[in-house]
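[1] here is a sequence with its predicted model. Questions after.
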Amino acid sequence: MAANCNTHTDRRATGGCQICEQTFCKDCLENYRNILLCSKHHQLAEKARWISIKTVRPSSENPEEGILLQKLKESMWKQEGLPAFIITHYKINLESDLIESHMDLFVRRVDRDTFKEKLKD
């Protein structure tokens, strides 16, 4: 990652906020449910009641569902100001030498219906 911190412009960014996707240095990122958030969105995350509303299982052969889920999350933030985050889980099957993944979209409970409407499109 070659970007600089959004707050400390003289420092290299080490990651991005999972809600706003802006880049920050390690001092500006906080852990919430094993995801990184900027301090502003960490406070928002702690106050909200989050629920998972959609799970997809993308693969290297069929990544479209994961891409669409990410695009939905981004567009709802940019166009409507509605926060969401995605948690990706991996399962490694050593016998078959496969890595399975699934992505969960988390939204605030108050935004559930708005996101579900968009998911229908």
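    Now that the structure is in, tell me what you want to look at.
[2] three-state assignment of the nearest residue to Ile99 once chain neighbours are set aside?
    In space, and not counting its chain neighbours, Ile99 is closest to Ile92: 5.4 Å by Cβ to Cβ, 6 or more residues apart in numbering. From N, CA and C alone the C-beta is placed, and that goes for glycine too. Here Ile92 is recorded as strand under DSSP: H, G, I helix; E, B strand; the rest coil.
[3] I figured Ile92 hits Ser101, correct?
    No. Counting by Cβ atoms under 8 Å, Ile92 sits too far from Ser101 to count as a contact (10.1 Å).
[4] what is the mean pLDDT for stretch 81-97?
    Stretch 81-97 shows a mean pLDDT of 91.
[5] list the buried ones in it?
    For stretch 81-97, burial by neighbour count (16 or more other Cβ atoms under 10 Å) applies to Leu82, Pro83, Ala84, Phe85, Ile86.
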